[in-house]
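[1] Got a predicted structure here, sequence first:
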Amino acid sequence: MTSQNSMRDRVAGHSVMEQVVRLQDAVAPRSAVARAFGVSPLTEEASPWFAGATGEREVGAMLDRLPPGWTVFHAVPVGQGDADIDHLVVGPAGVFAINTKNHRGAKVWVAERAVLVNGAKQPYLRNSELEASRIRHVLAGAGLVAPVHAVVAVVSPASMSVRQQPMRVTVLTAEGLLRWMTHRPRVVDSTTAAAIAELFDRPGTWRPVPSDSSTVDRFDSLAREVRVARWVQKGWILAGALSVVAVVLAVFPR
């Protein structure tokens, strides 16, 4: 276990990947039979964490394409316990505390005071407001001034209905995140933005966290196993469908 010299060393989804690896280390590897039938290597407990890490990595890759003048940090540890901000971005339009939610294929509904996913209310607005408040406190402690935007980025929902945007949190799809950020008006000069980025880059600004350099490699290995298991499952489904067709053709000759 080592500590990073710069917050820029932390990759998107780092904290969540560590949780996935910890959970998977507690279970025995799949048997040869399980692998042959495409049984997922993920435990029931690890599956939502895995989806979360995948979503954060996807959004992280998008944010890393921001133009010059923007600085991106991932998995920033704040507060107590294991809390972190998925992505913290500094640019001409201010500071953005981004909370990524992977709801691929789900129906998302947004109103002034609520976010519902497949009809179930989620605490995303409250959590995002708290994250933005913590960042404002960090800036105030350093004597720096910049607007802090709380953002919830939803990854690939089946649909997203916005009845009314919340007053203090912006909820949007991850696919529209970069365009929304880069089209906002410039409110921070380059000197202030650089000072904020330098503050955020110092590990001493945040809660100390050990970092295992092997986490990403272990997660990537697990992700490959998950992909292979899904391919095997699809192969069995296809084989079953072809068997049914063969039986039908045999029973009902041309």
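    Nice, I can see it. Residues are numbered from 1 along each chain as shown.
[2] Pairing partners for the helix or strand residue 100 falls within, with directions?
    Under the assignment given by DSSP states H and E, the secondary-structure element containing residue 100 is strand 94-102. Strand partners for strand 94-102, identified by DSSP bridges, are recorded as strand 84-91 (antiparallel), strand 148-155 (parallel).
[3] Distance from the first one to the middle of the chain?
    Between the centre of strand 84-91 and the centre of its chain there are 11 Å (Cα atoms, centre = their mean, to the nearest Å).
[4] Ok, the last one next?
    On the basis of Cα atoms, centre = their mean, the separation between the geometric centre of strand 148-155 and that of its chain is 11 Å.
[5] What degree of burial does the residue lying closest to residue 167 once chain neighbours are set aside show, as a neighbour count?
    Residue nearest to residue 167 in three dimensions, not counting chain neighbours: residue 112, with 6.6 Å by Cβ to Cβ, 6 or more residues apart in numbering. C-beta: built from backbone N, CA, C; applies to glycine. The local packing of residue 112 (other Cβ atoms under 10 Å) involves 11 other residues.
[6] now swap in the one 4 residues further on and tell me
    As a burial measure, residue 116 scores 15 neighbours (other Cβ under 10 Å).
[7] that older thread, could you identify which of the strands paired with strand 94-102 is most buried?
    strand 84-91 (a mean of 25; mean count of other Cβ atoms under 10 Å).
[8] Can you tell me what sits against that one?
    Taking contacts as Cβ atoms under 8 Å, 6 or more residues apart in numbering, the residues outside strand 84-91 that touch it are 12-13, 15, 56, 59-60, 63, 66, 69-78, 95-100, 131, 134-135, 146, 181-182, 188, 193, 196-197, 200.
[9] among the residues you listed, which are in helices?
    When DSSP state H is applied, the contacts of strand 84-91 are split such that 15, 56, 59-60, 63, 131, 134-135, 181-182, 193, 196-197, 200 fall in helices.
[10] Which of the residues you listed has the largest number of neighbours?
    Of all the ones in helices among the contacts of strand 84-91, residue 56 has the most neighbours under the rule other Cβ under 10 Å, reaching 30 neighbours.
[11] And the pLDDT for that one?
    Per-residue confidence at residue 56 stands at 97 (pLDDT).
[12] partner residues bridging residue 160?
    With DSSP bridges as the criterion, residue 160 is bridged to residue 108.
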